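**Q** Have a look; sequence and predicted model below, questions after that.
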Amino acid sequence: MILKKLSILNYKNILQSEVSFSPKMNCFFGNNGMGKTNLLDAIHYLSFCKSHINTPDNQIIRNDEELCVIQGFYDYEGREEDIFCAMRRRQRKQFKRNKKEYDKLSEHIGLLPLVMVSPADSELIQGGSDERRRLLDVIISQQDKQYLHALIQYNKAMQQRNVLLKNQSKDASLYEVLEMQMGMYGGMIREKRQSLVDEFTPIFNEYYQTICQSAEQVGLRYASQLEEGDLADMLLNNRERDRILGYSSTGIHKDELEMTLGGYLIRRIGSQGQNKTYLIALKLAQFVFLARKGNTTPILLLDDIFDKLDAARVEQIVKLVSNDTFGQIFITDTNRKYLDEILSAMHHDYALFKVEQGEIQPMEE
Ligand SMILES: Nc1ncnc2c1ncn2[C@@H]1O[C@H](COP(=O)(O)OP(=O)(O)OP(=O)(O)O)[C@@H](O)[C@H]1O
């Protein structure tokens, strides 16, 4: 899949831009705060109907403006796809595929597979378990509609149960229906998360070892309370305690994904460069996983990935992303050094852009 053209109006600091892209490598350079990340974020938005750092829509619309529009024209394996999004302050956003508005945004997720590597990924290691569950959800729901449906239904049932708990309800029949739903959808979600981790970990190891040129092992261990028994039974047993707490204390919303390096939690032992390498390998593995499972090659967004890495690791990453496994790539950096290295290692088409004060200008050379 190729993003051929992007039109932007008032997306964060990007005022108005219409840019045509190379089908392979697109490099953006510019100083700090100029709008490089915002540009990648707009591309992310068109795939996921949201910003990659979950910026609320009212903060996405350029300050002092009322309307923000993003429109992408894609070549999807020979078929044209026109994706349009308009956000107005205090109004529901419009999201359209080929001029037809979606009833539900969840219908769109997975159509345009995309992987973004960004400095914000450090939260996957340092942040709470919700960050790591979100990673699992993003990977699986891009290639499995049933999973996304199960997740939405599970969360709905859990929220309704939480309302009952907060209201100190004792209506057993209401609890039973919701706990049965949480049990059914939770069980499905757990199975899919576990099989993702099993299938994904060897690919992840391969990328980590290639980038580091070492045999050091990375690991992912999925831990769920559902290992201890049936969720509906546990919810019933914990109902009284949950009523005191005012929320559901058991379920797949408490799952953890332990990330290890050489058998130790990376959160405890990883240096900045090791963390960064870990996250890049994780995301490249995510890319390969999605490409294998899906009908089209995902788009890869690489935002400021070289900071904190030694020259040998940079060289390996440059080699990796220049090969044919990866389709269309969008990459940013504050200077041209690494971008030029990538371009000289490439034997493909490319385009170079300068980003300045929210304006994106193609560069000749
Ligand atoms: N809603 C908004 N309206 C106007 N400007 C905004 C809005 N949201 C963010 N910005 C501005 O966008 C700029 C950040 O742009 P961005 O993160 O894309 O920079 P960058 O080029 O990636 O920089 P770096 O190299 O430091 O990562 C900041 O100056 C910020 O104030």
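**A** Everything's here; your move. Residues are numbered from 1 along each chain as shown.

**Q** partners of Pro362 in the sheet?
**A** Beta bridges link Pro362 to Phe353, judged by DSSP bridges.

**Q** pretty sure it is touching Val355, no?
**A** No - in this structure, Pro362 is not within contact of Val355 by Cβ atoms under 8 Å, at 11.0 Å. No exception for glycine: its C-beta is placed from N, CA and C like everyone else's.

**Q** ok, Lys96 - contacts?
**A** Neighbour list for Lys96: 82-85, 102 [criterion: Cβ atoms under 8 Å, 6 or more residues apart in numbering].

**Q** how much space is there between it and Leu67?
**A** From Lys96 over to Leu67 the distance is 15 Å, taken as Cβ to Cβ, to the nearest Å.

**Q** Leu105 too?
**A** The value you get for Leu105 to Leu67, if Cβ to Cβ is used, is 19 Å.

**Q** got it, and Tyr338?
**A** From Tyr338 over to Leu67 the distance is 36 Å, taken as Cβ to Cβ.

**Q** quick one, which of those two is more surrounded?
**A** Ranked by neighbour count (other Cβ atoms under 10 Å), Tyr338 and Leu67 place Tyr338 first, with 21 against 13.

**Q** host element of the more buried one?
**A** Assessed by DSSP states H and E, Tyr338 sits inside helix 336-345.

**Q** where along the stretch 151-300 of the chain do the strands fall?
**A** 218-223, 256-261, 264-265, 299-303 (DSSP state E, counting those that start in this stretch).

**Q** contacting residues around Ile204?
**A** Just so we're on the same page, residue 204 is Phe rather than Ile. 218, 220, 281-282, 285.

**Q** Can you tell me how far the closest residue to it other than its chain neighbours is from the ligand?
**A** Nearest residue to Phe204 in three dimensions, chain neighbours excluded: Ala285, at 4.0 Å (Cβ to Cβ, 6 or more residues apart in numbering). To the ligand, Ala285 is 24 Å away according to Cβ to the nearest ligand atom, to the nearest Å.

**Q** swap in Ala120?
**A** Using Cβ to the nearest ligand atom, we find Ala120 at a distance of 10 Å from the ligand.

**Q** Just want the residue of the stretch 201-350 of the chain that's nearest the ligand.
**A** Here the residue of the stretch 201-350 of the chain nearest the ligand is Thr334; by Cβ to the nearest ligand atom that distance is 5.0 Å.

**Q** my read: that residue touches Gly30, true?
**A** Yes - shown here, Thr334 and Gly30 form a contact pair, counting by Cβ under 8 Å, at 7.1 Å.

**Q** of the two, who's got more company?
**A** Higher neighbour count among Thr334 and Gly30: Gly30, with 22 against 16, using other Cβ under 10 Å.

**Q** tell me the SS of the nearest residue to the more buried one once chain neighbours are set aside?
**A** Once flanking residues are discounted, Gly30 sits nearest to Val355: 3.6 Å by Cβ to Cβ, 6+ apart. Classification of Val355 using DSSP: H, G, I helix; E, B strand; the rest coil returns strand.
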